[in-house]
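Colleague: I need the structure of the sequence given here:
(6 chains)
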There are 4 protein chains.
Amino acid sequence: MNTKDKKLSKREKNKENNRSIIIKAGIHTFLKKGISQATVRDIIRNTDLASGTFYNYFKSKEEVLIAALDESAIEIGQELRSRRKNAKNLEEFIYSQINPFFEFARDHSELFMIMSSNLNDVKAFSVETPMMTLELESLKEDIIIGINEGILPDVDPDYFCSVIQSVSEGIAFTFVKGGMSDEDISAAVKFCTNFIVNGIKAV
Amino acid sequence: MNTKDKKLSKREKNKENNRSIIIKAGIHTFLKKGISQATVRDIIRNTDLASGTFYNYFKSKEEVLIAALDESAIEIGQELRSRRKNAKNLEEFIYSQINPFFEFARDHSELFMIMSSNLNDVKAFSVETPMMTLELESLKEDIIIGINEGILPDVDPDYFCSVIQSVSEGIAFTFVKGGMSDEDISAAVKFCTNFIVNGIKAV
Amino acid sequence: MNTKDKKLSKREKNKENNRSIIIKAGIHTFLKKGISQATVRDIIRNTDLASGTFYNYFKSKEEVLIAALDESAIEIGQELRSRRKNAKNLEEFIYSQINPFFEFARDHSELFMIMSSNLNDVKAFSVETPMMTLELESLKEDIIIGINEGILPDVDPDYFCSVIQSVSEGIAFTFVKGGMSDEDISAAVKFCTNFIVNGIKAV
Amino acid sequence: MNTKDKKLSKREKNKENNRSIIIKAGIHTFLKKGISQATVRDIIRNTDLASGTFYNYFKSKEEVLIAALDESAIEIGQELRSRRKNAKNLEEFIYSQINPFFEFARDHSELFMIMSSNLNDVKAFSVETPMMTLELESLKEDIIIGINEGILPDVDPDYFCSVIQSVSEGIAFTFVKGGMSDEDISAAVKFCTNFIVNGIKAV
DNA sequence: GATGAATGAGCTTTCATTCAT
DNA sequence: CATGAATGAAAGCTCATTCAT
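Modeller: Predicted structure coming up:
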């Protein structure tokens, strides 16, 4: 029994281990070669595992990507959605999006860079990612609601949506690329929020 | 003489024809599968030609892309650069970029979509494209000059650069995707310019 | 343990098996079509294996050739070189080369035929083969040394070198082609040695 | 009439011209890349002609080679055969072969190098070349006749044949490669003849 | 579950050859 | 005859995926 347990736990451990080894190698590969150029072979080459082992855990490189994004990316999506519901005015609305988005970018910079550099490919799997969330219909709907409720200024919702998305992605990208410190992030968030809020107000 | 001319032109015509057939198929393929996923075979499959024929015209899919971008894309890059040199203030500076950029997006919407959706891959060829130009060091340098000369407000040049780029791409993308009319473009340009100018002024 | 060993050895055996199947098919192909005309596909066609399998073992047809020549061919080159160092006179010098060379030709007749019929191509890989050794500068240098030491007659070294090479290859080729028996080889060696020794003495 | 004649002769001229242009390019290509590696494309690339033009004159690269060897190579074959018929003893027999063979090698060094470096491929077309002639059954038959008539020593005809062939080719190759002067050729012929005659006598 | 050899589809590219002009 | 674009077979090679061990 003892022996069996040990074996089992070892196995379990190993299983988890291999799974996360593959995910790590996947992130590394996606970052280096881009999603569409990365191959299953590339991923396992960044590993001590045999090629067959890959298929014990994932059916394709896309599944690795999804696993890599997994929780964190999904959570942030939900967070963004729920936070903006509570916004009472434009400033709050924008800030509610920008702040967590930048924190995500800072805390998961590798994932962020992958998504940001491969938006097109990421779109291909209808994965829920923060970018996706910012972009998807959901944001637009909330904007329309906000406009109707008088909380948000009456701006073309498509363009409204587009600027939030593009500015936050652009600034976050610049922020992450230039090595990010703690002061930086609040400066970046402030810059980004101010820029969008005042830009929107002026149009 | 007449006969000869006709013969020649028939051939030449066919040659030109095939060349543009391939380019068209290329654009179609790049649009559909993305640049890095598209293969030479994909391109010729969108064609009645034999595989060998491709290589009578191009050495690689990249050459097809370059041919597709060709003049128009190169010209716009130069235009953007020269126009911003003459700007006397922030409004002019931004407008000098946004207006021609949107016109390019409208007039070459397929190319624009390809470039916009494959920025990463396009970067790989050091082709001069409008995105590239907006993005490259050149823009940043001109911004720094403008700041020093007091023409532009004193904003972090990296962020300055980033917002111009991301907003114009984002709005132009939205604009193009939503079928573009003539009224739309001036509205889009106005929106975009106003947004950036006032956003920048506020930060 | 036994089981595991067996399993392993079965696999290993199969791997070794395939490797030598490919080498054999390679030899067959090189013999039939010549080295430069042989293709990887020709080699695998002489096999029940799939095309991809080839590349599990070799990177190119050249690697197959090298594997085929492998040890034996390299050893004989070294042997020829070391033996002639000990020669005390012309007879010994010639015999030291001819005898092992013919034994090699007899014992590896297929390889010998391939090399002999594709000297030009074999030269292209700087593989050490008996022909190469006989031909290379090394032989010429030793001849010059031998002449200077008075061990060998004072004959133009280029021609000296050339006759050793051409006669031994020519006779060995004839010898191998005409199905070789044990009496034959000593007769052939004797013929060859006598011929060269006396030819050289007379010029 | 005049006009027609002119046109015709011009055409004829051009025809001959293109033919020899292709042959020249062929020789150049065969020398540089070897027969089996040379392609029709290689040959026409060394030419200002269009690819289709090639097929107005030749069906394959092999036909170019045959045309290149043509007369000269065929003549020398016949000469060698006829000369050795008149030999009264070993010396004459050998000299009758060696002398014209070396002259051929000197006067057609490019062809000689091609044949000598591509013996295997040349054999593939059963073209009559000097090498072929020296090698073919014909020489062996004449040697047997010579032995029976007491003109030649009683040496194994296969080996007899082989040494004539290999030595003359080997020395001629060395001779041609080392830039050939007029003194050289008689020295080379003398060396070669002496070597073979005395070698043969001794076995 | 781990392994990695085997597989064959599919890609890029070159080539000999044809044929309308 | 000269031309050279079109053709499709065939080469080299890589890949995702399977499966016996």
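Colleague: use CA for all of it now, contacts and neighbours both
Modeller: Noted.
Colleague: count of residues packed around A:V167?
Modeller: 25 (other CA atoms under 10 Å in any protein chain shown).
Colleague: next: the one 10 residues further on.
Modeller: Residues near A:K177, counting by other CA under 10 Å, number 11.
Colleague: run through the residues that contact it.
Modeller: Counting by CA atoms under 8 Å, 6 or more residues apart in numbering or on different chains, A:K177 makes contact with nothing.
Colleague: what about chain A, any weak spots by pLDDT?
Modeller: A:1-16, A:124-136 (pLDDT under 70).
Colleague: outline the domain layout of it.
Modeller: Split into domains by automatic domain parsing, chain A comes to A:1-59, A:70-202.
Colleague: how close does A:K123 sit to A:E169?
Modeller: According to CA to CA, to the nearest Å, A:K123 stands 15 Å off from A:E169.
Colleague: when these two are compared, which one has more neighbours?
Modeller: Neighbours were counted for A:K123 and for A:E169 using other CA under 10 Å; A:E169 has more, 25 against 14.
Colleague: so that one sits right up against A:S116, yeah?
Modeller: Yes: if you go by CA atoms under 8 Å, A:E169 and A:S116 touch, sitting 7.3 Å apart.
Colleague: how many neighbours does the nearest residue to A:Y57 once chain neighbours are set aside have?
Modeller: Once flanking residues are discounted, A:Y57 sits nearest to A:R19: 6.4 Å by CA to CA, 6 or more residues apart in numbering or on different chains. Burial of A:R19 is recorded as 19 neighbouring residues (other CA under 10 Å).
Colleague: what of A:N56?
Modeller: For A:N56, using other CA under 10 Å, the count is 11.
Colleague: and it, how far from C:V64?
Modeller: In terms of CA to CA, A:N56 sits 34 Å off from C:V64.
Colleague: do A:E91 as well
Modeller: Taken as CA to CA, the span from A:E91 to C:V64 is 71 Å.
Colleague: who has more neighbours out of those two?
Modeller: Comparing A:E91 with C:V64 by neighbour count (other CA under 10 Å), the higher total belongs to C:V64, at 25 against 16.
Colleague: show me the helices in chain A, by range?
Modeller: In chain A, the segments counted as helices under DSSP state H are A:2-33, A:40-45, A:51-57, A:61-85, A:90-107, A:109-117, A:119-124, A:130-135, A:137-148, A:157-177, A:182-202.
Colleague: around DNA strand F, which positions in chain A sit nearby?
Modeller: Residues of chain A that fall close to DNA strand F, judged by CA under 7 Å from any atom of the strand: A:38-42, A:51-52, A:55, A:59-60.
Colleague: repeat that for 6 Å
Modeller: For chain A, the residues in contact with DNA strand F (CA under 6 Å from any atom of the strand) are A:39-41, A:51-52, A:55, A:59-60.
Colleague: any chance of a markdown table for these, columns neighbour count?
Modeller: A markdown table is the format used below for the residues of chain A next to DNA strand F (neighbours: other CA atoms under 10 Å in any protein chain shown):
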| residue | neighbour count |
| --- | --- |
| A:T39 | 18 |
| A:V40 | 18 |
| A:R41 | 13 |
| A:S51 | 14 |
| A:G52 | 9 |
| A:Y55 | 12 |
| A:K59 | 11 |
| A:S60 | 12 |
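Colleague: so can I have TSV of those showing distance to DNA strand E?
Modeller: Conversion of the residues of chain A next to DNA strand F to TSV gives the following (distance: CA to the nearest atom of the strand, whole Å):
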residue	distance to DNA strand E
A:T39	13
A:V40	12
A:R41	10
A:S51	4
A:G52	3
A:Y55	7
A:K59	12
A:S60	14
